[in-house]
Every structure is written in structure tokens, then in C-alpha cells.
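Participant: Give me the fold of what follows.
(one chain, ligands or ions: 1)
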Amino acid sequence: MVGFLKNGEKMAYIEWSDDFSVNVKEIDSQHRVLIDMINMLYEAFIAEKGKDVHKKVIDGMIDYARIHFETERKYMKQFNFPGYEEHNKEHEIFTQKAMELQKQFNAAGFILSSNILNFLKDWLKNHILGTDKKYSNHFNDNGLY
Ligand SMILES: [Fe+2]
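Facilitator: Here you go, the predicted structure:
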């Protein structure tokens, strides 16, 4: 099923595939959490129940940032990954966005679906499929799979 956001952008349920994999089991399973959040938003959007899951997803983003980014930081440090600083800067942007969404939600009692969805979809495309892929070989070369 394909839905449309208010800005007319098309979106669909995202199925995990090997294209998303960074070839490290622990990190892949954490990345699946983000895809689950996008799908949860999508399903709620289709059912016109977006508001009910927004708080859940925003809280989920904050947990995700805390737990998952810590995992990546740990391995980047452990294996002296050269792109460490640059990578962490992107994580900072995610964390700030999650906190900003939480603030907006608490103040207004709601948030636009597109505000969260567009951010998470861009994150998936640019960070998970772009930035995260860059450490994949480095981690594998150090024996982490
Ligand atoms: Fe990352």
C-alpha cells in the first residue's frame, strides 16, 4: 500500500533488505528499530491515527539515539575509525531533532506526521545507507561482524 503525506510525497511500508545491512549483526538489529519506527508512523498515518503513535516514536527516537549511537561510538573508538568525528556530528543532529520534536509535542500536544517521517526517511537514506556504510569494511576488517 502506498500513502501520501500532506506535501504530496509518496511513501510506503519499508521492508528490511540486505541493502540496509552494514554487515554487523548488533548494529543491523538496532537499525531495524528505526525502520520499525518509520513503519509504525506509516501505518498510523494510513489509519489516520498518527497522533497516537507520535509520542511513542519520539520517545523511541530518544532511546534509539542513546543506545544505538553509543554502540557505534564504542566500536568506532575501539577500532580507531578515521571518520569518527564527522560521523558523530550527524548523530548530534539526530539527537537534537528528537529533543526538538519532544519539546514541540509537549508544548502543542501534537506534531505533523510529515515532520517526523521526512526526517526519519532522510536519515535512513543519508545516514544508514550512506554514512554508516563507511565503517562497515573497517569494522569487518577488525573482526566485528
Ligand atoms: Fe551512525
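
Participant: Contact residues of the chain facing the ion?
Facilitator: By C-beta under 5 Å from the ion, the part of the chain that sits against the ion consists of 72, 132. Backbone N, C-alpha and C define where each C-beta goes, glycine included.

Participant: quick one, what contacts the residue nearest the centre of the chain?
Facilitator: When C-alpha atoms, centre = their mean is applied to the chain, the residue found nearest the centroid is residue 34 (4.3 Å). Contacts here follow C-beta atoms under 8 Å, 6 or more residues apart in numbering; on that basis residue 34 touches 64, 68, 120, 123, 124, 128.

Participant: does residue 144 count as helix, strand or coil?
Facilitator: Counting by DSSP: H, G, I helix; E, B strand; the rest coil, the backbone at residue 144 sits in coil.

Participant: thinking again about what came up before, pipe the contacts of residue 34 into a markdown table and attach neighbour count and pLDDT per row.
Facilitator: Rendered in a markdown table, the data for the contacts of residue 34 read as follows (neighbours: other C-beta atoms under 10 Å; pLDDT from 0 to 100):
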| residue | neighbour count | pLDDT |
| --- | --- | --- |
| 64 | 20 | 98 |
| 68 | 19 | 98 |
| 120 | 20 | 96 |
| 123 | 20 | 97 |
| 124 | 17 | 96 |
| 128 | 18 | 97 |
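
Participant: Format these as a markdown table; extra columns: secondary structure.
Facilitator: Listed next are the contacts of residue 34 as a markdown table, based on three-state DSSP:
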| residue | secondary structure |
| --- | --- |
| 64 | helix |
| 68 | helix |
| 120 | helix |
| 123 | helix |
| 124 | helix |
| 128 | helix |
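
Participant: for the chain, what spans make up the strands?
Facilitator: Taking DSSP state E, the strands of the chain run over residues 2-4, 10-12.

Participant: of all those, which has the lowest average per-residue confidence?
Facilitator: Per-stretch mean pLDDT for the strands of the chain is lowest at strand 2-4 (a mean of 48).

Participant: in this structure, what spans have low per-residue confidence?
Facilitator: Using pLDDT under 70 as the threshold, the predicted model of the chain has low-confidence ranges 1-11.
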